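# after the sequence you'll find the predicted model.
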Number of protein chains: 2
Amino acid sequence: MSSDPLVVFTPSGKRGHFPVGTPILTAARQLGVDLDSVCGGRGICSKCQITPSYGEFAKHGVTVKEGALSEWNAVEQRYDDKRGLAKGRRLGCQAKVQGDIVIDVPPESQVHKQVVRKAAAARAITMDPATRLIWVQVAEPDMHEPTGDLERLITALDKSHEIKGLTADLHVLRRLQPALRKGNWEVTVAVHQGHADEVPSLLEVWPGYFEGPLYGIAVDLGSTTIAAHLCSLTDGTVLASSGAMNPQIRFGEDLMSRVSYVMMNPGGDTEMTSAVRVALNGLFSEIATEAGIDPGHVVETVFVCNPVMHHLLLGIDPVELGQAPFALATSRSMSLDARELDLTALHPSAKTYLLPCIAGHVGADAAAVALSEAPQTSDDLALIVDVGTNAEILLGNKERVLACSSPTGPAFEGAQISSGQRAAPGAIERIEINPETKEPRFRVIGSDIWSDEEGFDAAVAVTGITGICGSGIIEAVAEMRMAGLLDPSGLIGSAEQTGTARMLAEGRTHSYMIHDASADGGPVITVTQGDIRAIQLAKSALYAGARLLMDEMGVDKVDRVVLAGAFGAHISPKHAMVLGMIPDAPLDKVTSAGNAAGTGARIALLNRASRSEIEKTVTQITKVETAIEPRFQEHFVAANAIPHATDLFPELSKIAPLPDVSFNTGGGDGGAAGGGRRRRRRG
Amino acid sequence: MSSDPLVVFTPSGKRGHFPVGTPILTAARQLGVDLDSVCGGRGICSKCQITPSYGEFAKHGVTVKEGALSEWNAVEQRYDDKRGLAKGRRLGCQAKVQGDIVIDVPPESQVHKQVVRKAAAARAITMDPATRLIWVQVAEPDMHEPTGDLERLITALDKSHEIKGLTADLHVLRRLQPALRKGNWEVTVAVHQGHADEVPSLLEVWPGYFEGPLYGIAVDLGSTTIAAHLCSLTDGTVLASSGAMNPQIRFGEDLMSRVSYVMMNPGGDTEMTSAVRVALNGLFSEIATEAGIDPGHVVETVFVCNPVMHHLLLGIDPVELGQAPFALATSRSMSLDARELDLTALHPSAKTYLLPCIAGHVGADAAAVALSEAPQTSDDLALIVDVGTNAEILLGNKERVLACSSPTGPAFEGAQISSGQRAAPGAIERIEINPETKEPRFRVIGSDIWSDEEGFDAAVAVTGITGICGSGIIEAVAEMRMAGLLDPSGLIGSAEQTGTARMLAEGRTHSYMIHDASADGGPVITVTQGDIRAIQLAKSALYAGARLLMDEMGVDKVDRVVLAGAFGAHISPKHAMVLGMIPDAPLDKVTSAGNAAGTGARIALLNRASRSEIEKTVTQITKVETAIEPRFQEHFVAANAIPHATDLFPELSKIAPLPDVSFNTGGGDGGAAGGGRRRRRRG
């Protein structure tokens, strides 16, 4: 046994004997303990802070005496004077082993910190971003041994951090010489390496010590909305999240109408590519301003999107995605320079990563959901539904995962709904209808007060009551069904049939008035027969997709359902089930994952190993093509009823028995909504 | 011993036994015989043509009988009908082994053909360009096994040509889907791989079979002139060569004045970068037009240039190159996309390769000279002088190679000379002065007739006699010295001292009139005292650089001298030695290599292995920095005399005894030209 002092690290439990005088940072590195250091042990960056523990540690079989570490030194004093060191903390690069010692590495000193995610999260994110900051000393030029400044930087990085074969683009090469001289041959560099086998590249160079942080933006580029999350690449914090409408909407609301636009208008793809890139730059500038950071410090972006958006973002004509066999130009992940996508609102050498697509209709957004929700690691059979203009559906467990997409249309996002609007202050997001009185009560975004509670009028005085958002319309339709205002076929009853004056006649159909703000100059908010039909089409597509995967898996029910999507977190599981959006399941087994695609993008942004992981996972997912599957059509028609024409909902009936009404008098718009008309629309 | 038939290939001598029915192309591939095939053996490209030989071959120990190859088949017939097959030729992919056979592979069917170089060439160029065309069949998309079109192309290329890890930029990705469909899943691709360990990239895709050829441009980017050579990447032919003035001249004639311009004018580097890139695009368009080719088929460029031009081309501020320790931003070779240099007159995905620099004053042009003239493989000690505004000098043999650069200034290119002009029709390029009569006779570019021969006036009627080019001024000064019109110190004699009325008094100095065209409205062409001083400065710098290398090598003489440079081929060795430009050597050991830097660029363009080779060679070259070497100054001063103040020229005196004259009367501009004033100028 070694007579050298024993060093025990917590929480890792790693231990080893080291000679007296060994810096704690050196001991940590030799043992593979996760202790950060940007400056390479020069007492500049303070990333290697540790807490020594003293006394008797029976668990580790060691007694730590006073003097087990070297004295507090001048470098630590200087740092403490300038920036302050918390009590009990030492700098790992300065404190040296003198005797047996127990060292705690606090979370903030770990390179691979974990980012805390919300309750329902399937996994934590371990920080390991593709771009990192390194402080380095570079040898000065020698006329007698002439080498370039870049070559001496490469040598230094290889020596200090074992970075091999670094490349540098012209942008940073231009800045290298002034930075080296201004920093007196000490610089901080940003080095990017997206995959372990990728050649590392120099993104930026700062004179002297640059603390950072650097930032990345995770983008969920949807057909209707673009959601962006600005994250610190040091600790994973989300500094700001922001959204914008996808300007391509003016070329077509859903994906197939955009593909049609290209077919009809040569060059239309270029127009749409340009429009979305302009919008992205605007969004990036906005989010940086909101977070109060320099957009030039944003060095990475990660995109998830469906295949059509994927091609249009890349500037590839999506026409092949509009017809069988729905061939992607490329399905693998892409690592690009952001400037190749004209994303100029970022650092000029910023990088972009696009997750792989799964198939011609199942895109990088579905891959991102798989990355976030990880059905491939689930013990029970999980159905994951990412609700959007185009729904991504995953069904699986650790044995097998299936995926498809389904063209729900934009109704769930409040589009194509008469009083619909996007989720913004003033929009009705929750609604209840009293089954006796048929009177509604509701809540609008921006206030927690219900409309029949005191203070409501004051609470909405500023925003007004402007419309119904996606989650609101789902609740409204489900509540109408539960209150007996809507029959299983989706017909709205008349005032006479339902006994309430809130039912307004509109030609041969009826609508249900939720709120009349016309006295204040606001809108009359109603749910019309057309709205019901739009929701029926959307929910039928969603349900049919899920059923198709269940058929393929050979099951009649699933163990749990995860609702995801930009507004997935806001959907009430009970109402979704009343509507028949999702198969029957115990209510406590229906959970919300929030924007799982966005979370997947964030994981890929913050943890580069996850990129290789999802690239491998997608190859193992079985793709099911809804567009050519005859059973999809059957499932779609059967799912038109609310909740369903044939499938039983035993779990639902335990909690929400539905009244057996019928408003079909032989005239009007009876029966199922035209499934065929919608069959090929995707979005 | 195998009972299978024996197949012998000539000229390689490779041999092996193959089963009856084996296509000759397959046999060649298995034996590693260099037999071309673009279409992968489908009888489309005809690159695999071979000539079977019949009869008794004692040398190979084989008798070839009729019927040793399969019958001429329909594919060959179709090709012969359409395009014609030379008599005796077969397609290697169609002709199959039936018995023992001897197969000759003609040069044009070899992938690695050799390009014939001019007489003095140190080495042949073996064709192995970085970009090649490959015809490939790609699997059609399958909805049930969804993969991208790119991924199926990658699979096909890996299978047919073992190309691993192909990448594709967005430009070509955009074109992939239409090309695959138009070509009915058969396409020709251009694949680029600059170094063996580089990731191959897809440059372009054409539907069906595209014969090519593709082109490359080798560029020698000099301080004063830009020379470009357009080459076929199939057979190495130079289709056109063209030159242009470097527009940066307006910012400063030599390199140091350009660096000064940047120091005095912030942003001046950007101006100069932009100017040279615009000029390059213009030159590329011009040369493509001249050769009658589509500039979009130019997929590669190779650049050689001195370090300041290197940095200005890349857009890097060259200010560090203007002061000790002359640090390069980067010294290694560079592989770039041409569009990063705004070289838009080419294929949009065209690649650019820059040779490595040797040191802060010894650039990629010197590396190119080393690649072309290969002193590192020479048995005898060779001095290679690349004459330009900045001279690159190499001295060495297979034991050791030294390199330096020397700031000669633009005088050798006809600049800063009173009657100087660039080498163009009308310029005096050759001159002789009768030592008795002191009368000159001369020749101008564009005519082989001497000025005292019949027909001269008619020959120059169109161009006129407009000035003196670089090689002309060298001859003029040397002839003046041989004719006793110029003394060793560089003083021009008066009419009285020399006895000829051609000596014109100009203030306190004299000039020698070569030709008076003023009667025809043309110039009076003279050599002035100022011209002599400019030439003395230039030649002293050149000689001093060579001497410095000889000191470092520990030698007093060299075995041979190679004159290189854009006009190196035009310099008369005898006159160069009279002038004392180069050390004394037997006249038959002084040769011209033409534009060796340009040839080096062409080698790197046509043979990618040469890139790795020169990258290794430059690390083994010893760099000598003239700017900080005190002995350079001493050598410079001593070399001011014509031919030299102290060094003996025994070989020269055998062929050209120089008159012992002195025109120094104590007044006027006597003695050496001011070496100190010029010491720091480079260009």
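On my side now, so go ahead.
# the stretch 101-250 of chain A against chain B: which residues are in contact?
Proximity of the stretch 101-250 of chain A to chain B is confined to A:140-144, A:146-151, A:168-170, A:173-174, A:176-178 under the rule Cβ under 8 Å from any Cβ of the partner chain. All C-beta atoms are positioned from the backbone trio N, CA, C, and that covers glycine.
# ok, now the stretch 501-650 of chain A?
Counting by Cβ under 8 Å from any Cβ, the residues of the stretch 501-650 of chain A near chain B are A:K623, A:E625, A:I628.
# 10 Å - rerun?
A:T619, A:T622, A:K623, A:V624, A:E625, A:A627, A:I628 (Cβ under 10 Å from any Cβ of the partner chain).
# the fifth one: what's its closest spatial neighbour, skipping adjacent residues?
Read it as A:E625. Distances taken as Cβ to Cβ, 6 or more residues apart in numbering or on different chains place B:M143 nearest to A:E625, at 5.2 Å, with adjacent residues excluded.
# contacts only, for that neighbour.
Applying Cβ atoms under 10 Å, 6 or more residues apart in numbering or on different chains, we find B:M143 in contact with A:A324, A:P325, A:F326, A:A327, A:A359, A:G360, A:H361, A:K623, A:E625, A:A627, A:I628.
# which of those residues count as buried?
Neighbour counting over the contacts of B:M143 (16 or more other Cβ atoms under 10 Å in any protein chain shown) leaves A:P325, A:F326, A:A327, A:A359, A:G360, A:H361, A:K623, A:E625, A:A627 as the buried ones.
# show the contacting residues for the fifth one.
When contacts are counted by Cβ under 10 Å, 6+ apart, A:G360 is found next to A:307-308, A:320-328, A:331, A:405, A:623, A:625, A:627, B:141, B:143, B:146-148.
# give me every residue that touches the nearest residue to it once chain neighbours are set aside.
In this structure, A:G360 finds its nearest non-sequential neighbour in A:F326, 2.9 Å apart by Cβ to Cβ, 6+ apart. A:F326 makes contact with A:307, A:320, A:359-362, A:625, A:627-628, A:682, B:141, B:143, B:146, according to Cβ under 10 Å, 6+ apart.
# recalculate using a threshold of 7 Å.
Listed by Cβ atoms under 7 Å, 6 or more residues apart in numbering or on different chains, the contact set of A:F326 reads A:G360, A:H361, B:M143.
# dihedrals phi and psi, it?
phi 50, psi 50 (degrees, to the nearest 10).
# same deal with A:L202?
Backbone phi and psi, for A:L202 under degrees, to the nearest 10, turn out to be phi -80, psi 120.
# quick check: mean pLDDT of stretch A:266-275?
Per-residue pLDDT over stretch A:266-275 has a mean of 92.
# flag every buried residue along that stretch.
Quick answer for stretch A:266-275 (16+ other Cβ under 10 Å): A:G268, A:D269, A:E271, A:M272, A:T273, A:A275.
# among the residues you listed, name the ones in helices.
In helices, defined here by DSSP state H, the members of the buried residues of stretch A:266-275 are A:G268, A:D269, A:E271, A:M272, A:T273, A:A275.
# pLDDT weak spots in chain A?
Scanning chain A for pLDDT under 70 picks out A:1-2, A:114-123, A:566-568, A:666-683.
# walk me through the domains of it.
A:6-109, A:115-207, A:215-354, A:374-408+A:543-659, A:419-527 (automatic domain parsing).
# B:G282: which of those domains is closest?
domain A:115-207 (21.6 Å; Cβ to Cβ).
# tell me where the stretch 401-550 of chain A has helices.
Using DSSP state H, counting those that start in this stretch, the helices of the stretch 401-550 of chain A run over A:456-459, A:470-482, A:495-498, A:529-553.
# thinking A:L170 is in contact with B:G315, fair?
Yes. Between A:L170 and B:G315 there is a contact under Cβ atoms under 7 Å: 5.9 Å.
# that'll do, ta.
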